[in-house]
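Asker: Here is my input, please return the structure:
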Amino acid sequence: MDKLTQYNRKLLAIFGTMLLAAFGLAVIIALGLFIDSLFDSPRHVYDQGVQIRETTANGTDTTIFRTQQASFQEPIQLDTAKAQFVIPVGQVDLEEKERVNALASSGSFEYEPRKSRFDSYSGIFNNFIFYDYASGTKTKIFSKKVAVTNWSNALVNGTELLLFMGTDTDSNQDKKLDSDDYQSLFAFYLKDRKLVEYKLDRRSVLSYEPMEKTSLVSVQVGIDKNKDFKFDRYREPVEVVVLDVASRKLSDLVSPAMKAEIQSIIDK
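Answerer: Residues are numbered from 1 along each chain as shown. The predicted structure is shown next:
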């Protein structure tokens, strides 16, 4: 009986030691991951939107307090056969406000042609620079404050353009521009470096994608039916409009007459 008791005690001691060792190892690994995250993680918070500056009572005051600063990202080549690039411009939240003067802060290849291309990127950006290496030109795409939440490099039926989903309006009045505001569609046509804005009244762009073998881009838009400046995809309807990149016009994909016919079927 004594030998069995001693054996059980030894067995329990071995298991206890193993459990303590496993627990200690887990603590060391967790501590190591935590310390590593402190060194690897940036100190600022990403994608906090483009802030809206409060207007001062004195209209002649040119002093502002800068809370965000432009942050330039790596150039993205639009087509491997051409030396044309886009430089996305994001923003970082400054740890401390900076007092600045508002006036000072304003401020040939041969290739086999392709018919279609579509590369999409997400984030929150306040501007983009189009860089054409061949001509040495750099073009600022937006001339006003915007928050772009998604953008795409597209070749649609031979037409090269950059598509942007974003906003220049603080529709929900939370003092920042981000994905919670109504989203518009912007198109920058590379041929003549023209930016066209497609704004939809009481509607917000949800997604967009070229329609193969056509000059059309399908655009899904959410309808703010209750006009609360928010879109609820489970309670409010979605419709599809199309951008014809040849004519640069936006139109309904489904005609009002057909919409009415389908709705009448649902209503029966």
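
Asker: Just give the closest residue to the most centrally placed residue in the chain, not the sequence neighbours.
Answerer: For the chain, the residue nearest the mean C-alpha position is Thr149 (2.4 Å; Cα atoms, centre = their mean). Nearest non-adjacent residue to Thr149, counting by Cβ to Cβ, 6 or more residues apart in numbering: Ser179, 4.5 Å away. The C-beta positions use only the backbone N, C-alpha and C, and glycine is treated the same way.

Asker: quick one: the one you found and Ser171 touch, right?
Answerer: No: using Cβ atoms under 8 Å, Ser179 makes no contact with Ser171, being 11.4 Å away.

Asker: Now do the end-to-end distance for stretch 124-138.
Answerer: End-to-end distance for stretch 124-138, by Cα to Cα, to the nearest Å: 21 Å.

Asker: Show me which positions of that stretch end up buried.
Answerer: For stretch 124-138, a neighbour-count test (16 or more other Cβ atoms under 10 Å) marks Ile124, Phe125, Asn126, Asn127, Phe128, Ile129, Phe130, Tyr131, Asp132 as buried.

Asker: so which helix or strand takes in the fifth one?
Answerer: Put plainly, it is Phe128. Assessed by DSSP states H and E, Phe128 sits inside strand 127-132.

Asker: Give the pairing partners of that strand; include direction for each.
Answerer: Counting by DSSP bridges, the strands paired with strand 127-132 are strand 84-101 (antiparallel), strand 137-140 (antiparallel).

Asker: what's the neighbour count on the residue nearest to Thr149?
Answerer: The local packing of Ser179 (other Cβ atoms under 10 Å) involves 16 other residues.

Asker: dump the residue contacts of the residue nearest to the centre of the chain.
Answerer: Counting by Cβ atoms under 8 Å, 6 or more residues apart in numbering, Thr149 makes contact with Ser122, Gly123, Ile124, Met165, Gly166, Thr167, Asp178, Ser179, Gln183.

Asker: Turn those residues into JSON lines, including distance to Arg233.
Answerer: Formatted as JSON lines, these follow (distance: Cβ to Cβ, whole Å):
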{"residue": "Ser122", "distance to Arg233": "18"}
{"residue": "Gly123", "distance to Arg233": "22"}
{"residue": "Ile124", "distance to Arg233": "21"}
{"residue": "Met165", "distance to Arg233": "16"}
{"residue": "Gly166", "distance to Arg233": "19"}
{"residue": "Thr167", "distance to Arg233": "18"}
{"residue": "Asp178", "distance to Arg233": "18"}
{"residue": "Ser179", "distance to Arg233": "13"}
{"residue": "Gln183", "distance to Arg233": "13"}
